[in-house]
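1. this one's structure only:
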């Protein structure tokens, strides 16, 4: 049972409250990513789970056992560090075996685990080399192997791909996911890269200012964000203020916005009369004949390959629209429509 | 490189390095040849090994070599052993860490002779230590601590004087180890001792060797601490050398001097080798 349960966790550094009150549960074999901007508390939470920090309040349970005050050396977790943290004076083999020797695993078992990890991560030819003789990707694989070889209940990743180039990052990312599934490991992964989080995770936990904004599957986060922070942080949605001016049918709501009157379809009622709403740049219907028709002048155009970003300004706010092959140029008019179900109602306005 | 290039390099190095080599070379040369009977200051010079034979036969010489090695090795080990935990403690800045570091390094500013006299005052028959121990009731009467036969006083002085130097070297080395590397060792199950033995010591071995060697060379040739606080039944090699010189026996003094250089050279090499062999981290995987 590789579950992780965090209840009412609080972390204070002097006068600074890094985490006010965090409660979250991670299931066995689940891959959960902690995502958020720098300083949001994601690494602090990871360090609390790994035992490198002691919480000011709250509890942590791993596999049903309380480990809140258990030191990292006796906690059944393994960490993959952002800097890889390989022992520079030890060969790849010695790095991989380090933890096993600490736990006094028998030589035969040790060799067997080493062979498996070396084969899986294609580290065979590198075993006798020192870390400084390896490329960044190889070092990352050694760091991953050193954690995996321990067969921990929970594996923790602290931005492990941030030092790799874009191409290598994609390869190692897939490798991490494959291995996590192969070993059915419970994984907690910290990153500030939203594409990494969406591609890897079963669930993503968005953090902001030490608080959890939302924890959900990548799809749910993307299409049904609960707050304007999540909507903006994931995929850069167009967020705007709105006032509910009436209902239309069972689950349609008429909203007054800086873009004019819009109709939103939602299974839930708006949280108050004045709310925030959002829509994704790619959901627009270019024909402009549907509901929620908007006609505007494009101020800027940015080609992105498979799509083009078109920007326009309304009520001193810049909005973004994504279209596959738009013919419209900067300064020209564009008409488009937004389906009511693509408009998401968010939190109440402060 | 062409010979012209070599010549250029040598000429550029000569004003600085050449002077050092010339001065050290001259001293070493004079000491060696004087130990073989040449450069006689009081009589006729005669090339001979009789001074070596004579000095090596003396029991006082053997005792002096053993005693100097004892002081040199233990002082180096104690200084480094004491400096390590302090370097680890001061690795991360904390409130007051600069002040603590400065206080710990203060002995570097106190001359050895002054320190030895202060120490003698403290441990004297009616000194502060004796009075304090009687005051707290641990000792009934004053005890004779000065010039103890095991040279514990000298070892304390040597450690007190040299530990800050070891601390200075080791602090830099210990600060060079990243937090992540230490955290990784911890995460993989290494406790404090294992972390020291398998990560910290191997990664700071060069600094440790430098500290051991420099302290050893200084302590093995100790004169001032030995004269003031050392045992009266034994002489250090430096003390023996001065003893011979004061008696006008320059050739015998040169024999002890050359021996001291050899002991320092071989001893420091062995000490450095032993440190690397024991603490390289790979034997103890």
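-> Cool, got the structure. All values derive from a computational prediction rather than experimental measurement.
2. what's around the residue of the stretch 101-250 of chain A found nearest chain B, how many residues?
-> For the stretch 101-250 of chain A and chain B, the shortest gap (Cβ to the nearest Cβ) falls at residue A:102, measuring 3.6 Å. C-betas here are computed from N, CA, C, even on glycine. When neighbours are defined as other Cβ atoms under 10 Å in any protein chain shown, residue A:102 has 20 of them.
3. likewise residue B:179?
-> By other Cβ under 10 Å, the residues close to residue B:179 number 13.
4. check the gap between it and residue A:59 for me.
-> Here residue B:179 is placed at a distance of 26 Å from residue A:59 (Cβ to Cβ, to the nearest Å).
5. show me where pLDDT drops low in the chain?
-> The chain I'm using is chain A. Across chain A, residues meeting the criterion (pLDDT under 70) sit at A:1, A:350.
6. my bad, the chain I had in mind was chain B
-> B:281-285.
7. ok so, going back, list the residues that contact the residue of the stretch 101-250 of chain A closest to chain B.
-> Going by Cβ atoms under 8 Å, 6 or more residues apart in numbering or on different chains, residue A:102 touches A:73, B:188-190, B:194.
8. so how many other residues sit close to the nearest residue to it once chain neighbours are set aside?
-> Using Cβ to Cβ, 6 or more residues apart in numbering or on different chains and skipping residues adjacent in sequence, the residue nearest residue A:102 is residue B:189, 3.6 Å away. The number of residues packed around residue B:189, counting by other Cβ under 10 Å, is 20.
9. can you give me the end-to-end span of stretch A:304-316?
-> End-to-end span of stretch A:304-316 (Cα to Cα, to the nearest Å): 25 Å.
10. oh sorry, the question was meant for stretch B:93-111
-> 29 Å.
11. residue B:28 contacts residue B:264, correct?
-> No: Residue B:28 lies out of contact with residue B:264 (Cβ atoms under 8 Å); the separation is 12.0 Å.
12. between those two, point out the one with more neighbours.
-> Legend: neighbour count by other Cβ under 10 Å for residue B:28 and residue B:264, higher for residue B:264 (20 against 13).
13. does the helix or strand that contains the more buried one come close to chain A?
-> In the assignment (DSSP states H and E), residue B:264 maps to helix B:250-279. No: Helix B:250-279 does not reach chain A (Cβ under 8 Å from any Cβ of the partner chain); its nearest approach is 10.6 Å.
14. ok, the residue nearest to residue A:102 - contacts?
-> Contacts of residue B:189 were listed using Cβ under 8 Å, 6+ apart, and they are A:73-74, A:99, A:102-103.
15. which residues sit in contact with the nearest residue to residue A:280 once chain neighbours are set aside?
-> With sequence-adjacent residues excluded and distances taken as Cβ to Cβ, 6+ apart, residue A:280 is closest to residue A:237, at 5.3 Å. Neighbouring residues of residue A:237 by Cβ under 8 Å, 6+ apart: A:225, A:231, A:278-281, A:344.
16. now, the residues you listed that are in helices?
-> The helices in this structure, assigned by DSSP state H, contain residue A:231 from the contacts of residue A:237.
17. just put the contacts of residue A:237 in JSON lines and tack on distance to residue B:250 and neighbour count.
-> As requested, those are exported to JSON lines (distance: Cβ to Cβ, whole Å; neighbours: other Cβ atoms under 10 Å in any protein chain shown):
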{"residue": "A:225", "distance to residue B:250": "92", "neighbour count": "26"}
{"residue": "A:231", "distance to residue B:250": "92", "neighbour count": "27"}
{"residue": "A:278", "distance to residue B:250": "96", "neighbour count": "21"}
{"residue": "A:279", "distance to residue B:250": "99", "neighbour count": "23"}
{"residue": "A:280", "distance to residue B:250": "96", "neighbour count": "22"}
{"residue": "A:281", "distance to residue B:250": "95", "neighbour count": "18"}
{"residue": "A:344", "distance to residue B:250": "98", "neighbour count": "22"}
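18. get me the contact residues on chain A for chain B.
-> Counting by Cβ under 8 Å from any Cβ, the residues of chain A near chain B are A:50, A:52, A:71-74, A:77-79, A:81-90, A:94, A:97-99, A:101-103, A:146, A:150.
19. please indicate which of these are buried?
-> Using 16 or more other Cβ atoms under 10 Å in any protein chain shown as the burial test, the residues of chain A next to chain B include A:50, A:52, A:72-73, A:77-79, A:81-87, A:89-90, A:94, A:97-99, A:101-102, A:146, A:150 as buried.
20. quick one: the helices in the stretch 201-350 of chain A?
-> Along the stretch 201-350 of chain A, counting by DSSP state H, counting those that start in this stretch, helices occupy A:218-223, A:228-233.
21. which residues of the stretch 151-285 of chain B lie near chain A?
-> For the stretch 151-285 of chain B, the residues in contact with chain A (Cβ under 8 Å from any Cβ) are B:178, B:180-181, B:183-191, B:194, B:198-199, B:202-203, B:280-282, B:285.
22. return the subset of those lying in helices.
-> B:180-181, B:183-187, B:194, B:202-203.
23. could you give the number of residues near residue B:140?
-> Counted with other Cβ under 10 Å, residue B:140 comes out at 8.
24. so what's it closest to, chain neighbours aside?
-> Residue nearest to residue B:140 in three dimensions, not counting chain neighbours: residue B:134, with 7.3 Å by Cβ to Cβ, 6+ apart.
25. residue contacts, that neighbour?
-> So residue B:134 contacts B:140-142 (Cβ under 8 Å, 6+ apart).
26. is it within a helix or a strand, and which one?
-> Here residue B:134 sits within helix B:128-135, counting by DSSP H and E.
27. mind listing what's buried along that helix?
-> Going by 16+ other Cβ under 10 Å, helix B:128-135 has these buried residues: B:129-130, B:133.
28. for residue B:51, give me its contacts.
-> Residue B:51 sits next to B:35-37, B:251-252, B:254-255 when contact means Cβ under 8 Å, 6+ apart.
29. give me that answer again for 7 Å
-> Residue B:51 makes contacts with B:35, B:37, B:251-252, B:255, as judged by Cβ atoms under 7 Å, 6 or more residues apart in numbering or on different chains.
30. how about the nearest residue to it, chain neighbours excluded?
-> Among residues not flanking residue B:51 along the chain, residue B:251 sits closest, at 4.1 Å (Cβ to Cβ, 6+ apart).
31. so what's residue A:136 closest to, chain neighbours aside?
-> Residue A:136 sits nearest to residue A:164 (Cβ to Cβ, 6+ apart), 5.6 Å away.
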